[in-house]
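Asks: Sequence and predicted structure are below.
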Amino acid sequence: MRTLPAFLSLSLGLLVSIPSWSADGDWHQWRGPNRTGHAAPQALLQTWPADGPSVIWSFANAGTGYSSMSIDNGQLFTMGTIDDECVVLCLDANNGELKWKQAISRAAKEDEYLQKWGGGPRSTPTVDGASIYAISDIGTLAKLDRKTGKVQWSVDFLSLPEAQIPKWGYAESALIDGDRVVVTPGGENFMVAFDKETGKQVWTSKGVNETAAYASIIKHTFDDVTFYTTAGPGGLYGFDTTSGEQLFHSPVTGNPTAVIPTPIADGPHVYHTSAYGAGNALLELKSDANGKLTASQQYHIDEKSMQNHHGGVVLVDGVIYGFSKSDGGQWMAQDLQSGETLWQERLRGNRSGSIAYADGRLYCYNDGDGTVYLIEPNRDGWKATGELTIPEETELPRGSGAIWTHPVIAGQKLYIRDQDRIFAFDIAR
């Protein structure tokens, strides 16, 4: 394990009891409470006024990057590149006031990964009680004190055997599982768990040696077998959480360019999609008499179907919703069980879109024109019940990039970001 002494230090003090932080309606990690893109239960507007919901506050100094936000007990955590440093920021989620800013690594150099589509951190901080866990775009995993932002320990992914910065920079968000923080440095130790209190390596996956991609890990249990699953260039992988042994592998949603979306696990099924011609696939899980888990492919569809780039998909009442790059780019609904495309909706001027779900509505954030549509999910077609446009776009150069940060719904507010700009909207019902 290697530290970055210019910014980071190992600080291991006596452990104290952790207070109860989380409040109702929180969104404390990537893609919400359960990494499904679903917000916690809360009462929200089902239709919006003609001019959209009102802006509660805005913040203009979040830096460069595509990091989304975590909201927990009235605090907002995100990341950005500011003054040649990769920093974690803490804001008051109710008024946008900056509470603290803490560097966890230097900023990436231009030749460390391809930045034509924009630089800066892509990861979302994970909140766990009194601690924050964050990953920089050059592969620094850091634990920070929630109150002060002080770095308590850090690990450099590049100190691990054969790990290297992915083509577009590290982008996953750390998973907290009990006393572990689980991440994907890639290389010989494709997936690794560290003790969340000390930063010491305690677990590693076996049987996979490849560069990390950009998906984030989820944990799922089926027939008393618990596993971590994520995706890399070689496809979708499942690993036993105890032994680290590879339980299943499906190559069909891998691609050599960029595998980004987080998988979705639902009972005996795991769904995954990616772009660049990969399409989507549904795996069915089964366990034998010895408790060994296997996964068989139920379908794989690679043309005129869901090819999600990086905006993610959500599952609602047996239907997958998200933005597909197929046919020039469009919003799409797909039946989970059969893979059938139920409907498509093209919005000109947008190449991609990110999505979240809360209180019976989809929140569809378009990457080109900065619109957010409030959509009633159904199997029959696109039914909008509200629309807003981001009040102000960033003035920072995006290169060939666009508005790619995912929306967040927490505490009866909608939070959206475009690089250094963050906006909070009142959507309480």
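Replies: In hand now; what should we look at?

Asks: what stretches of the stretch 301-429 of the chain score poorly on pLDDT?
Replies: For the stretch 301-429 of the chain, no stretch has pLDDT under 70.

Asks: any idea how far residue 232 is from residue 209?
Replies: 10 Å (Cβ to Cβ, to the nearest Å). (C-beta placed from N, C-alpha, C; glycine too.)

Asks: all strands of the stretch 251-400 of the chain, in order?
Replies: With DSSP state E, counting those that start in this stretch as the criterion, the stretch 251-400 of the chain has strands at 264-266, 269-274, 279-287, 293-301, 313-316, 319-324, 330-335, 341-345, 353-358, 361-366, 371-375, 384-389.

Asks: where does the residue of the chain positioned farthest from its centre fall, phi/psi-wise?
Replies: The C-alpha centroid of the chain is most remote from residue 289, which lies 35.5 Å away (Cα atoms, centre = their mean). When read as degrees, to the nearest 10, the backbone of residue 289 gives phi -60, psi -20.

Asks: Do a quick rundown of the strands in the stretch 51-200 of the chain.
Replies: According to DSSP E, counting those that start in this stretch, the strands that the stretch 51-200 of the chain contains are 55-59, 70-72, 75-82, 85-92, 98-106, 126-128, 131-135, 140-145, 151-156, 175-177, 180-183, 186-187, 192-195.

Asks: Figure out which of the ones you listed is closest to residue 274.
Replies: strand 186-187 (16.5 Å; Cβ to Cβ).

Asks: if I read this right, residue 58 contacts residue 97, doesn't it?
Replies: No. Contact criterion Cβ atoms under 8 Å: residue 58 and residue 97 do not qualify, at 11.8 Å.

Asks: partner residues bridging residue 316?
Replies: residue 319 (DSSP bridges).

Asks: Over to residue 141?
Replies: Residues in beta-bridge contact with residue 141 (DSSP bridges): residue 135, residue 155.

Asks: which residues touch it?
Replies: 133-135, 154-155, 157, 174, 181, 183, 194, 199 (Cβ atoms under 8 Å, 6 or more residues apart in numbering).

Asks: Tell me the spacing between it and residue 327.
Replies: Counting by Cβ to Cβ - residue 141 and residue 327 are separated by 39 Å.

Asks: Which one of the contacts of residue 141 sits in the busiest neighbourhood?
Replies: residue 135 (32 neighbours; other Cβ atoms under 10 Å).

Asks: doesn't residue 237 make contact with residue 295?
Replies: No. In terms of Cβ under 8 Å, residue 295 does not count as a neighbour of residue 237; the distance is 10.2 Å.

Asks: hey, what's in contact with both of residue 232 and residue 209?
Replies: Joint contacts of residue 232 and residue 209 (Cβ under 8 Å, 6+ apart) are residue 190.

Asks: Of these two, give the one with the bigger neighbour count.
Replies: Taking other Cβ under 10 Å, residue 232 and residue 209 do not tie; residue 232 has more neighbours (22 against 14).

Asks: and that one, what are its bridge partners?
Replies: Where residue 232 sits in a bridge, its partners, by DSSP bridges, are residue 235.

Asks: residues in contact with it?
Replies: Taking Cβ under 8 Å, 6+ apart as the test, what residue 232 contacts is 184, 186, 190, 208, 210-213, 215, 254, 259.

Asks: Out of the contacts of residue 141, flag the one nearest to residue 372.
Replies: Among the contacts of residue 141, and counting by Cβ to Cβ, the member closest to residue 372 is residue 134, at 25.7 Å.

Asks: Quick one: residues contacting that closest one.
Replies: Here residue 134 is in contact with 77, 79, 88, 104, 121, 123, 125-126, 141-142, 144, 174 (Cβ under 8 Å, 6+ apart).

Asks: for these, which one is nearest residue 398?
Replies: residue 121 (14.7 Å).

Asks: now that closest one: how far from residue 34?
Replies: 23 Å.

Asks: who's more crowded, the two?
Replies: Neighbours were counted for residue 121 and for residue 34 using other Cβ under 10 Å; residue 121 has more, 31 against 12.

Asks: And that one, how far from residue 235?
Replies: Counting by Cβ to Cβ - residue 121 and residue 235 are separated by 26 Å.

Asks: How about residue 62?
Replies: Distance from residue 62 to residue 235, by Cβ to Cβ: 34 Å.

Asks: Specify which residue of the two has the higher count of neighbours.
Replies: Neighbour count, other Cβ under 10 Å: between residue 62 and residue 235, residue 62 has more, with 29 against 20.

Asks: my read: that one touches residue 89, true?
Replies: Yes. If you go by Cβ under 8 Å, residue 62 and residue 89 touch, sitting 6.2 Å apart.

Asks: shared neighbours, the two?
Replies: 78, 80.

Asks: Just the C-alphas of stretch 49-69, formatted as PDB.
Replies: Only the C-alpha atoms of stretch 49-69 are listed here, as PDB (Å, rounded to 0.1, in the frame of the first residue of the first chain):
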ATOM      1  CA  PRO A  49     -45.600  23.900 -12.700                       C
ATOM      2  CA  ALA A  50     -45.200  25.100 -16.300                       C
ATOM      3  CA  ASP A  51     -42.000  26.800 -15.400                       C
ATOM      4  CA  GLY A  52     -40.700  23.900 -13.400                       C
ATOM      5  CA  PRO A  53     -40.100  23.600  -9.600                       C
ATOM      6  CA  SER A  54     -38.500  26.500  -7.800                       C
ATOM      7  CA  VAL A  55     -34.700  26.700  -7.200                       C
ATOM      8  CA  ILE A  56     -33.900  26.700  -3.500                       C
ATOM      9  CA  TRP A  57     -30.200  27.400  -3.900                       C
ATOM     10  CA  SER A  58     -27.300  27.200  -6.300                       C
ATOM     11  CA  PHE A  59     -23.500  26.700  -5.800                       C
ATOM     12  CA  ALA A  60     -20.900  27.700  -8.400                       C
ATOM     13  CA  ASN A  61     -17.600  26.400  -7.100                       C
ATOM     14  CA  ALA A  62     -17.800  22.600  -7.300                       C
ATOM     15  CA  GLY A  63     -14.800  22.400  -9.700                       C
ATOM     16  CA  THR A  64     -14.300  20.300 -12.800                       C
ATOM     17  CA  GLY A  65     -15.600  16.700 -13.000                       C
ATOM     18  CA  TYR A  66     -18.600  14.500 -13.400                       C
ATOM     19  CA  SER A  67     -19.100  13.300  -9.800                       C
ATOM     20  CA  SER A  68     -22.600  13.000  -8.600                       C
ATOM     21  CA  MET A  69     -23.700  13.900  -5.000                       C
END
